[in-house]
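> this is a predicted model, with the sequence first.
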Amino acid sequence: MLILLIGKLAMNEKEFLKKYDIHDFDVPLCTVDMAIFGIIDNELNVLLVRRDEHPEKDKWALPGGFIDLKEDKNIDATAYRKLQEKTGVRSPYLEQIQTVGSGTRDSRGWSITVLYFALIDVNKVKDNLITERSRWIPVSKARRLGLAFDHQALVALANGRLKAKTTYSALPIELMPKEFTLTELQTVFETILERDLQLKAFRRRLLAADLVEETGNSKIAGKRPAKLYRSTGKDRNTTFSQSLKI
């Protein structure tokens, strides 16, 4: 009796799904947007693209696009695909920040977007990305531009998340070349946080977390050689014993 009942329930659900039409309910537009950050001339930059089509044609916007239901296995796959399409690289660090949606953010209709941020060493991609339709723009300037849709608010969200994580983790290492001095790394932290850090306290937290190691190489910095370091490859979610307060 129980077996027959289970079989009947399974058949009912199968029949239900066979007849079900997803378009019986309103389906919002669904996209992924990417805040791709890099450091240029000691300033935090974000990659923006100029829109080719309506709506918001010719306005600057974050790179992104619609989810491909056939190609993308999940939302992270969409983000990685869009990142590679826009930059030609797969960032070792990609983080989902927030899902934003409303009936007013896109004139085409009710829409949601899943916002991510990525960190990239711009020396690997800089020349490839500076075109008539795409370029690196300082975050300080992007905050004041009339970006497409609600992308000015999305830039602020992504920048806020990056700044917060910089206070307690070594995430900014993702912005560095393969070898770097501790002074260069501290400068990147200070650029993101928009304030100076106490040298000894910064280095103590960094080395205690075992996030960098000496390479055995050095370079001239000022009047004396400076040791070069590299990432140990430790999980970027590893936190400092004490945060660098904003």
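Received the coordinates, thanks.
> okay, CA-based contacts and neighbour counts for the rest of this
Fine.
> low pLDDT regions in this structure?
Scanning the chain for pLDDT under 70 picks out 1-11, 91-92, 126-131, 245-246.
> outline the domain layout of it.
What automatic domain parsing lists as the domains of the chain is 29-165, 167-231.
> between the two ends of the first one, how far is it?
Chord length of domain 29-165, first to last residue, is 30 Å (Cα to Cα, to the nearest Å).
> one more: the last one?
The distance separating the two terminal residues of domain 167-231, taken as Cα to Cα, comes to 18 Å.
> and the helices in this structure?
Under the criterion DSSP state H, the chain contains helices at 2-19, 75-87, 126-129, 139-142, 151-166, 182-193, 199-208.
> turn the ones you listed into CSV, including distance to Ile36.
Formatted as CSV, the helices of the chain follow (distance: least, Cα to Cα, whole Å):
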stretch, distance to Ile36
helix 2-19, 40
helix 75-87, 8
helix 126-129, 12
helix 139-142, 11
helix 151-166, 9
helix 182-193, 14
helix 199-208, 24
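> dump the ones you listed to TSV, plus mean neighbour count.
Output for the helices of the chain, formatted as TSV (neighbours: other Cα atoms under 10 Å):
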stretch	mean neighbour count
helix 2-19	11
helix 75-87	19
helix 126-129	14
helix 139-142	16
helix 151-166	19
helix 182-193	19
helix 199-208	14
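> closest one to Thr104 among these?
Of all those, it is helix 151-166 that lies closest to Thr104, at 13.0 Å by Cα to Cα.
> show me what that closest one packs onto, helices and strands only.
strand 29-40, strand 94-102, strand 111-119, helix 139-142, helix 182-193 (3 or more Cα pairs under 8 Å, 6 or more residues apart in numbering; DSSP states H and E).
> dump those to CSV, plus distance to Lys73.
Converted to CSV, these look like this (distance: least, Cα to Cα, whole Å):
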stretch, distance to Lys73
strand 29-40, 14
strand 94-102, 16
strand 111-119, 15
helix 139-142, 32
helix 182-193, 33
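> now do Asp72: how many residues are near it, please.
14 (other Cα atoms under 10 Å).
> for Ser243, same thing?
By other Cα under 10 Å, the residues close to Ser243 number 15.
> hmm, Tyr168 and it touching each other?
Yes: Ser243 is within contact range of Tyr168, at 4.5 Å (criterion: Cα atoms under 8 Å).
> if I look at the two, which residues touch both of them?
In terms of Cα atoms under 8 Å, 6 or more residues apart in numbering, Ser243 and Tyr168 are not both contacted by any residue.
> quick one on the thing from earlier: can you add distance to Lys14 and give the domains of the chain back as TSV?
Compiled in TSV, those are given as follows (distance: least, Cα to Cα, whole Å):
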stretch	distance to Lys14
domain 29-165	22
domain 167-231	47
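> quick check: which of those is nearest to His23?
With Cα to Cα as the criterion, His23 lies closest to domain 29-165 of these, at 12.8 Å.
> where's the nearest residue to Leu197 once chain neighbours are set aside relative to Lys163, distance?
In space, Leu197 comes closest to Glu190 once its chain neighbours are excluded; the distance is 6.5 Å by Cα to Cα, 6 or more residues apart in numbering. Between Glu190 and Lys163 the computed distance is 10 Å (Cα to Cα).
> for Glu85, same thing?
To Lys163, Glu85 is 26 Å away according to Cα to Cα.
> same check on Ile192?
Ile192 is 6 Å from Lys163, where distance means Cα to Cα.
> can you check Ala226 too?
Counting by Cα to Cα, the gap from Ala226 to Lys163 is 27 Å.
> also Gln242?
The value you get for Gln242 to Lys163, if Cα to Cα is used, is 16 Å.
> next: Tyr80.
For Tyr80, the distance to Lys163 - Cα to Cα - is 22 Å.
> then Arg50?
Computed as Cα to Cα, the Arg50 to Lys163 distance reads 26 Å.
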